[in-house]
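Visitor: The sequence isn't on hand, but the structure is:
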């Protein structure tokens, strides 16, 4: 075959996958699945752990969410570099937002007193819009991310000085994250401080693309291939894994009682 025409080569490159990002996202998926499996075992009474207060579990949750959002930022840096159109952006955004709604409905069925109204998918849906609008900030994304992270302790200090800020703890406003106490919900990923993580992911991705463009498309070690595949289907896996795990454990519990 002859050489590709320049415009066809450019089009193919614009659709290129970055396997390193997919594999990193796949790592987060595996970690999350193991965490949720442990949580489900605890829910069924086969494990006895404090998932809400024990640092062993709370720090794992923080690390998993951070890895997911950092990968989301890396992905947005690639989309910005490839000049992804708004139509494609809104198509993907609608998938995330729709799944967030399903998470709310499912969690309301399982945990009516602590259902998820602004969890990781809700947060990602909103933050993707903000990152899309701010992707052109370049290096300013680093201090912007630092400010978002710093606003969390600053908000706690402000609440101690000005009781009138209590309204920020209410559901109408607590999605901002400018709170003095965590709401009662099974998953909570507000803008502050998490927007800082996704901004840093975007900034890191842009820096890598400008200095080492081929970094994400290098051939991965054999064991990383499945992780990259999993990372490409992260949203589908996220939506399916808990119903499957809970269903399997429900059947196991039923069988154990017979």
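Guide: Structure's in. What do you need? Since this is a predicted model, take the numbers as computed values, not measurements.
Visitor: ok, the residue lying closest to residue 219 once chain neighbours are set aside - how many residues close by?
Guide: Nearest in space to residue 219, with sequence neighbours left out and distances taken as Cβ to Cβ, 6 or more residues apart in numbering, is residue 19 at 7.8 Å. Any C-beta I mention is one placed from the backbone N, CA and C, and that applies to glycine too. Counted by other Cβ atoms under 10 Å, the residues lying close to residue 19 total 21.
Visitor: thought residue 19 was touching residue 229?
Guide: No. Using Cβ atoms under 8 Å, residue 19 is not in contact with residue 229; the gap is 9.5 Å.
Visitor: Identify the contacts common to these two.
Guide: Residues within reach of residue 19 and of residue 229 at once, by Cβ atoms under 8 Å, 6 or more residues apart in numbering: there are none.
Visitor: tell me the pLDDT at the closest residue to residue 68 other than its chain neighbours?
Guide: Nearest residue to residue 68 in three dimensions, chain neighbours excluded: residue 28, at 5.0 Å (Cβ to Cβ, 6+ apart). At residue 28, the predicted lDDT confidence score is 96.
Visitor: Let the chain start at 34 from now.
Guide: Shifting the count to begin at 34 puts that one at residue 61.
Visitor: Mind telling me what element residue 61 is part of?
Guide: Element membership for residue 61, per DSSP states H and E: helix 52-76.
Visitor: tally of neighbours for the spatially closest residue to residue 235 that is not a sequence neighbour?
Guide: Using Cβ to Cβ, 6+ apart and skipping the chain neighbours, the partner closest in space to residue 235 is residue 106 (4.0 Å). Per other Cβ under 10 Å, the neighbour tally for residue 106 reads 28.
Visitor: Could you point out which residue ranges in this structure have low pLDDT?
Guide: The chain contains residues with pLDDT under 70 at 34-49, 248-250.
Visitor: unless I'm mixing things up, residue 101 is touching residue 57, no?
Guide: No. At 9.8 Å, residue 101 does not count as touching residue 57 under the criterion of Cβ under 8 Å.
Visitor: Looking at those two, which one has more neighbours?
Guide: For residue 101 and residue 57, the more surrounded residue by other Cβ under 10 Å is residue 101, and the numbers stand at 27 against 22.
Visitor: any idea how far that one lies from residue 124?
Guide: Distance from residue 101 to residue 124, counting by Cβ to Cβ, to the nearest Å: 20 Å.
Visitor: quick one, whichever strand or helix holds residue 98 and helix 52-76 angle?
Guide: Here residue 98 sits within helix 88-114, counting by DSSP H and E. Taking axes from the mean of the first three to the mean of the last three Cα atoms, to 10 degrees, one finds that helix 88-114 is oriented at 150 degrees with respect to helix 52-76.
Visitor: now the helix or strand following helix 88-114 against helix 52-76, angle please.
Guide: Downstream of helix 88-114, the next assigned helix or strand under DSSP H and E is helix 119-143. Per the same axes, to 10 degrees, the angle that helix 119-143 makes with helix 52-76 is 10 degrees.
Visitor: hang on, the earlier thing: what helices and strands are in contact with the helix holding residue 98?
Guide: Using 3 or more Cβ pairs under 8 Å, 6 or more residues apart in numbering; DSSP states H and E as the contact criterion, the elements in contact with helix 88-114 are helix 52-76, helix 153-167, helix 224-244.
Visitor: so can I have CSV of those helices showing distance to residue 113?
Guide: Shown next, in CSV, are these (distance: least, Cβ to Cβ, whole Å):
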stretch, distance to residue 113
helix 52-76, 14
helix 153-167, 8
helix 224-244, 7
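Visitor: What about residue 203, how many residues nearby?
Guide: 10.
Visitor: and it, what are its phi and psi?
Guide: phi -80, psi 150 (degrees, to the nearest 10).
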